[in-house]
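Participant: Next one to model:
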Amino acid sequence: MAVNAAADSPETKDGLTPHTHTKQDTNHNGSPELSASQDRISGIVSFGVAQLWKEKTREWGNIKTKGMPLNLLDLPVDVLNLIVSELCYTNDLIALALTHSALYKLAVPNIYSRFDIVWPDSTAPVLNSKSVDALSYGLATLCLPSRFAESTQRLRGPRAGRPKTRHRLANNDHAKYIRKFSIGDGPQDWTSEYLITKESGKMLGTLVAVAVERMVNLETFMWDMPTGVSSDVFMALASHEDDEGQTKLEKVWVRWHDHQATSPGSSPASSPTTTLPPPNPLPPLPPQNFPPLPGAASVTFDPNPVYYGQAGSNGTVPQLKTYAQSCVEYPTFSVLPPLNSLTVLDIDHISYLDEMAVLIERSVSQLRELQVGISTRAYSLQNFAPPWDSADLQQVDHDAKWPGESRIPTARLGGVLGVLVGRIHDIRKKPNSKNHQAPIPGHNPAARDGETTLAPASESDENPQPQARVDGTTPHIPSPGSKRLDGKLRLQTLALERVTLSIAVCTRAIDWSQMTRLTIFGCEHHETLWKALRRQFQPTPPAPGSPQEAPTRYLLSLKHLSTDLASHALLSFVKETLAPNTLETLFLLDRRGSFKPEVTIGQVVKSAVKRHRSSLKKLLIDSSEGPRSTSTRERWRHWAIRGELLGYITSGRMTNLRELGMVIDIKDWHTLLQRLPQLSDLRTLYIPEMVDTDRDPETASRPDAKELALQIVDIISLRREIKLVYVGLWQKCFEISEVEDNSSEGNRSQDDNGNGGQTNDADQMDDELSDNDMATDDGELGPFMDAEDEIAEEASDDGQSEADSFADESATNALPRLRQREILYYDDKVELFRARHGKL
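Facilitator: Numbers count the residues shown, from 1 in each chain. Next comes the predicted model:
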């Protein structure tokens, strides 16, 4: 068999022999042979390539000389590998692996290509088999070496009556096939057992580090469980780098935990901890006040210093301390290799930002996606989150070997964004402008309509003078002859959550010309950002004397925009800065605390939707926030799509629309159903609320979501060109799918509960009554009755056969039955469902 030939050939890294396109010579055997010229070429190339060529020649010759039709296993290994790679579901791959040892070797790399841990819902029943979750079992499978599995199989063999032969499961090198490692978030009662300061959390970190160290082909690492990530895991990720500094790791996604809740003093761990005494504080000095910059926060140093990163007054100078006194893990991001995508959410300690700055400096040439989120607690404390500005503030401490050695205040120049770009761009650098005038502190003549200046006041000093610190040291100030940092982030995706924007960083340290996806959730100074971008990237009109059909040149290529704060500045930016029919995704929410949104729904449709009607693929317009209450219902009412606006969106002019989310009036529900055929390419429909203008919002009740979904199924059953799959109604979501079932028991209205049509016995009762009435005694009417019976029987036979023919024909031409079932919102599959939360 071809499998034996492939088994005799030298195996590659994955245990398989790759198939290459070989040149075939037509000879009496039908198998290709190496010519003299090819022999000379093989002497030039490496010995491994020549040996692979010979083995492939032998494999092809064995197949050709078989002289009979080829079976599945007779195909070359590479062809079989392509066939197996088309299987998408893990259950199918497992079933295929159990059929043959050759197919097992081909299916294992696809089965273990992804390691995803998805926690069940908190209401799911707990299995009584074993109290160990899939996370522990999966990591144990990846961590146990091949020699351990081989010994286990050998020792268990005699007890079960099996011979002592090497089993195919003994080669446990599955970790090398994993390309994506992901741990999702689950119920807090379950995930809290894995906190990083508990014994179970430490053991989990060790298991993950051992498993990740074996994943030499890992490309994506995601940790969404807010329990903390051990530094051993980051060291394992860094170990994949070879001698030349190359690695396959491209994406790292981490959601941090509340480090104060897991500090050693509050940890419920039973093991004793060692607490080192704090260093002796320096004598207090009187507070020093610095004048604030235009549009920036003022800095007041606290005379009583606290530890690095702890809650205290703004601008507190940290004290030098040892690594054992640090409340965070080290190292983390600073040891990772260069990445293409970096996502760090719920940051509550400035040391994470310092380490991210080191990684961003290392990845500046290839980083294309950056997502940053600040935790709610850190955002409310106003410790390091605001973009502080003062004469002696810095972005990062270049002299610190690790974040604990940083001697600069926690209040940083430029805030969060200033720290992230602190090692590639110096925002104090004076702009190259001949007419630049030093702004007066506290006054900005260029600001209007609430705008703030783009440059901090300290930029007027080309050579800023060092300022004395509280501890008597001198901050790191570049000398006049030193090289200034002027690098830029050339990002394609930027997502910020609860990050106070620094306009100086946004306009100078980021190259917006390559940006295609922008997400802004809960960020202050967002209006100033839109105004600054609109001024900086004004479209270039055609030059005088150019042809009349010369197009206007737009400088931005933004295609995906998501924000939870709608404003007039945002609509002006979308209308004036982006080219018409270029925006593909628009998720526009309004989660501000005001009772009424700043912009009306008419302005949104006119400025954004109509201008990009031909390119929009995903559209979400929602002004709701918080739980269901009277005030919330009033906010929904302001952005409800009614009348002409609903007719425009459902008119069919938006030909590329695939996902649609909007609030409608309850009176327009049937209008939406009637216009669904004009949205034939729509895949997802999300209606967060229906507003009843004729009833009190406090007493108004919603219609039954399941009944409304069944009405949509009715429309789809009549118009099969509609491709709608997911329907979200308030907190419920439904999936509409086709089922190949033409039986009489199932019909299109049957749901996942199996409720079909009821049996009607009226015809059966009529037949019984007619039989009783037709029962007569034999008499003189007998012959006539016999003749009539024969005619009736012939007619019934003809009618029955004709009915059977119609039934067979209808059964043959019947369309697949539509099935509707209630599901959870697929946030990972449908981008609109994920954006409805208004968070990363």
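
Participant: What ranges does the stretch 51-200 of the chain have for its helices?
Facilitator: 77-85, 90-97, 101-111, 134-143, 146-156, 188-191, 199-214 (DSSP state H, counting those that start in this stretch).

Participant: Distance to residue 739 for those helices - can I get that in JSON lines?
Facilitator: Yep, even glycine has a C-beta here, placed from its N, CA and C like the rest. Shown next, in JSON lines, are the helices of the stretch 51-200 of the chain (distance: least, Cβ to Cβ, whole Å):
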{"stretch": "helix 77-85", "distance to residue 739": "27"}
{"stretch": "helix 90-97", "distance to residue 739": "19"}
{"stretch": "helix 101-111", "distance to residue 739": "28"}
{"stretch": "helix 134-143", "distance to residue 739": "30"}
{"stretch": "helix 146-156", "distance to residue 739": "42"}
{"stretch": "helix 188-191", "distance to residue 739": "35"}
{"stretch": "helix 199-214", "distance to residue 739": "40"}
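
Participant: List the buried residues for the helix or strand harbouring residue 821?
Facilitator: Per DSSP states H and E, residue 821 falls inside strand 817-823. Buried residues in strand 817-823, counted by 16 or more other Cβ atoms under 10 Å: 817, 818, 819, 820.

Participant: now do stretch 69-88
Facilitator: Buried residues in stretch 69-88, counted by 16+ other Cβ under 10 Å: 74, 75, 76, 77, 78, 80, 81, 84, 87.

Participant: And for stretch 248-259?
Facilitator: So, applying 16+ other Cβ under 10 Å, buried residues of stretch 248-259: 249, 250, 251, 252, 253, 254, 255, 256, 257, 258, 259.

Participant: residues contacting the second one?
Facilitator: In other words, residue 250. Applying Cβ atoms under 8 Å, 6 or more residues apart in numbering to residue 250 gives the contacts 219, 220, 339, 340, 341.

Participant: quick one: low-confidence parts of the stretch 101-250 of the chain?
Facilitator: 122-132, 145-154, 156-171, 245 (pLDDT under 70).

Participant: now the stretch 601-750 of the chain
Facilitator: By pLDDT under 70, the weakly predicted segments of the stretch 601-750 of the chain are 626-633, 693-700, 741-750.

Participant: And the helices in it?
Facilitator: 601-604, 630-638, 643-649, 669-674, 705-718.

Participant: Counting by contacts, list what the last one packs against.
Facilitator: In this structure, helix 705-718 makes packing contacts with helix 669-674, strand 726-729, strand 732-739, strand 817-823, judged by 3 or more Cβ pairs under 8 Å, 6 or more residues apart in numbering; DSSP states H and E.

Participant: Next, the buried residues of the longest one.
Facilitator: Neighbour-count burial for strand 732-739 flags 732, 733, 734, 735, 736 (criterion: 16+ other Cβ under 10 Å).

Participant: Identify, from these, the entry nearest to residue 516.
Facilitator: Distance to residue 516, by Cβ to Cβ, is smallest for residue 733 among the buried residues of strand 732-739, at 28.6 Å.

Participant: Quick check: closest non-adjacent residue to that closest one.
Facilitator: Among residues not flanking residue 733 along the chain, residue 825 sits closest, at 4.8 Å (Cβ to Cβ, 6 or more residues apart in numbering).

Participant: Could you do residue 536 as well?
Facilitator: Sequence neighbours aside, residue 507 is the residue nearest to residue 536 in space, at 6.1 Å (criterion: Cβ to Cβ, 6+ apart).

Participant: any idea which helix or strand carries that neighbour?
Facilitator: Assigned by DSSP H and E, residue 507 belongs to helix 503-508.

Participant: isn't residue 104 right up against residue 93?
Facilitator: No - under the criterion of Cβ atoms under 8 Å, residue 104 makes no contact with residue 93, lying 10.1 Å away.

Participant: In terms of neighbours, single out the busier of the two.
Facilitator: Each of residue 104 and residue 93 has its neighbours counted (other Cβ atoms under 10 Å); residue 93 has more, 22 against 16.

Participant: show me the contacts for that one.
Facilitator: Counting by Cβ under 8 Å, 6+ apart, residue 93 has contacts 84, 87, 107, 110, 111.

Participant: at 7 Å instead, please
Facilitator: 87, 107, 110, 111 (Cβ atoms under 7 Å, 6 or more residues apart in numbering).

Participant: most neighbours, which of those?
Facilitator: When neighbours are taken as other Cβ under 10 Å, the top entry among the contacts of residue 93 is residue 107 (24 neighbours).

Participant: measure residue 837 to residue 347 for me?
Facilitator: Look at residue 837 and residue 347: by Cβ to Cβ, to the nearest Å, they are 19 Å apart.

Participant: related to what we said a few turns ago, just checking, what packs against the strand holding residue 821?
Facilitator: Counting contacts by 3 or more Cβ pairs under 7 Å, 6 or more residues apart in numbering; DSSP states H and E, strand 817-823 is packed against helix 705-718, strand 732-739.

Participant: thinking again about what came up before, let me know the closest of the buried residues of stretch 248-259 to residue 138.
Facilitator: Nearest to residue 138 out of the buried residues of stretch 248-259 is residue 253 (Cβ to Cβ; 18.6 Å).

Participant: got TSV for the buried residues of strand 817-823, with distance to residue 533 and pLDDT too?
Facilitator: Shown next, in TSV, are those (distance: Cβ to Cβ, whole Å; pLDDT from 0 to 100):
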residue	distance to residue 533	pLDDT
817	51	90
818	46	93
819	47	92
820	44	93
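
Participant: nearest to residue 417, of those residues?
Facilitator: Proximity of the buried residues of strand 817-823 to residue 417 was ranked by Cβ to Cβ; the top entry is residue 820 with 46.7 Å.

Participant: how about the closest residue to residue 689 other than its chain neighbours, what does it touch?
Facilitator: Nearest residue to residue 689 in three dimensions, chain neighbours excluded: residue 636, at 4.6 Å (Cβ to Cβ, 6+ apart). Each residue near residue 636 by Cβ under 7 Å, 6+ apart is listed here: 623, 624, 663, 689, 691.

Participant: Over to residue 543. Which of the three states is it?
Facilitator: Under the three-state scheme (DSSP: H, G, I helix; E, B strand; the rest coil), residue 543 adopts coil.
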